[in-house]
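Asks: only geometry, no sequence info:
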């Protein structure tokens, strides 16, 4: 192990060096605090240092404080070596950032034992740093995968919605028109058949409307063309018409456009929240508000339902809620869900500062 010695007394410095070399360590010697500070800043610097307290240029405590201020995930192990053995001095050294304390005159066996403890500490910190890097890399890959899946889902929703609208809905509308025309033709000749055809035409019209609504739920064209505000406004309006739940929407006149993946995430959180309100809460009213604070977009959804629109106490949140958390997590956003006797509130926060997500 490479060890830095910072000691202005040549005799003590030589003794420490001999003991450490005999213990199988490599030694780098400095004669004052400034030399030690410069050495510990270099790339590949020793990961363990033995520092005298009283040194010219810069004392040991100053060196320790400066070293501890450096941004690193592999901090060196620092041992204070000094004749100051009073408890107050030991406490002062440890508070400054020293890992250990060795009094003068030192015992060779104790020095090697404390160095061995330091070596184990450095190795464990290094292993932890490697694990954190691997975890960060894996997390980045997972986020990238989630984003790609989200965009694939969005593209598939768009394709299915276009197919429903352009084919199935148009076919049903054509059938409805044909049935209405047949009703007019049979108005006097076949009154019984006229009634049946009228009912079929109404059924075709209802199915066309349902498929049209499904297509809009799968993919909101207003989101692509105008962004979050028109997308949410249009969905809230259609949701109110379909469910009878009065939905109010408050937002600034305009907000900056975001990355598409962020706009999709915010829109889907709003959509899932309103659908939960419809399915579970028994609410008659809901409110949506958007605000911009400190370069962050805040989306808030509330209802007046007496039932929890999220999950029952003691139960695990459903897939929809889990997906909401995953969507926001993938874009670096936050999601907060609160339940009370007055209803449920959902708060989604996303940064308006654009970043690159899912880099390889």
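Replies: Received, thanks. Please read all numbers here as calculations on a predicted model, not as lab measurements.

Asks: ends of stretch 81-95, how far apart?
Replies: Across stretch 81-95, the terminal residues are separated by 15 Å (Cα to Cα, to the nearest Å).

Asks: which residues are contacting it?
Replies: Applying Cβ atoms under 8 Å, 6 or more residues apart in numbering, the external contacts of stretch 81-95 come out as 7, 12, 16, 50-54, 60-61, 64, 80, 101-104, 106. C-beta coordinates here come from the backbone N, C-alpha and C atoms, glycine included.

Asks: again, only this time at 6 Å
Replies: 50, 52, 53, 80, 101, 102, 103, 104 (Cβ atoms under 6 Å, 6 or more residues apart in numbering).

Asks: Same question for stretch 27-40.
Replies: Here stretch 27-40 makes contact (Cβ under 6 Å, 6+ apart) with 3-6, 8, 13, 17, 20-21, 46, 55-59, 63, 66-67.

Asks: from those, which would you call buried?
Replies: Taking 16 or more other Cβ atoms under 10 Å as the criterion, what is buried in the contacts of stretch 27-40 is 3-6, 8, 13, 17, 20, 46, 55, 58-59, 63, 66-67.

Asks: Show me the residues you listed that map onto strands.
Replies: 3, 4, 5, 6 (DSSP state E).

Asks: Turn these into a markdown table, including distance to residue 236 and pLDDT.
Replies: Below are these laid out as a markdown table (distance: Cβ to Cβ, whole Å; pLDDT from 0 to 100):
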| residue | distance to residue 236 | pLDDT |
| --- | --- | --- |
| 3 | 67 | 94 |
| 4 | 65 | 95 |
| 5 | 71 | 94 |
| 6 | 68 | 93 |
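
Asks: SS state for residue 27?
Replies: Secondary structure, DSSP: H, G, I helix; E, B strand; the rest coil: residue 27 is strand.

Asks: ok, the residue nearest to it when sequence neighbours are not counted to residue 1 distance?
Replies: In space, and not counting its chain neighbours, residue 27 is closest to residue 17: 4.8 Å by Cβ to Cβ, 6 or more residues apart in numbering. To residue 1, residue 17 is 14 Å away according to Cβ to Cβ, to the nearest Å.

Asks: For residue 140, state which of the ones in strands among the buried ones among the contacts of stretch 27-40 is nearest.
Replies: For those, the minimum distance to residue 140 (Cβ to Cβ) is 34.7 Å, reached by residue 4.

Asks: so who does that closest one touch?
Replies: By Cβ under 6 Å, 6+ apart, the contact set of residue 4 is 28, 39, 46, 49.

Asks: Give the next helix or strand downstream of whatever helix or strand the second one lives in.
Replies: In the assignment (DSSP states H and E), residue 39 maps to helix 33-41. Sequence order places strand 48-52 as the next helix or strand after helix 33-41, per DSSP H and E.

Asks: which residues sit against that following strand?
Replies: Outside strand 48-52, the residues touching it (Cβ under 6 Å, 6+ apart) are 3-7, 60, 63, 76-81, 118.

Asks: if we go to 8 Å?
Replies: With Cβ under 8 Å, 6+ apart as the test, strand 48-52 has contacts from 1-9, 12, 16, 33, 36, 40, 60, 63-64, 67, 76-82, 98, 102, 115, 118-119, 122.

Asks: I'd like to know which elements the helix ranked longest in the chain is packed against.
Replies: With secondary structure taken from DSSP state H, the chain has its longest helix at helix 108-163. Helix 108-163 sits against helix 10-22, strand 48-52, strand 77-82, strand 100-103, helix 191-218, helix 260-276, helix 319-330, with contacts defined as 3 or more Cβ pairs under 8 Å, 6 or more residues apart in numbering; DSSP states H and E.

Asks: Over that helix, what's the mean pLDDT, rounded is fine.
Replies: Throughout helix 108-163, pLDDT has a mean value of 80.

Asks: what does stretch 62-71 give?
Replies: The pLDDT scores in stretch 62-71 average 92.

Asks: what about it, distance to the chain center?
Replies: Centroid separation between stretch 62-71 and its chain, computed with Cα atoms, centre = their mean, to the nearest Å, is 31 Å.
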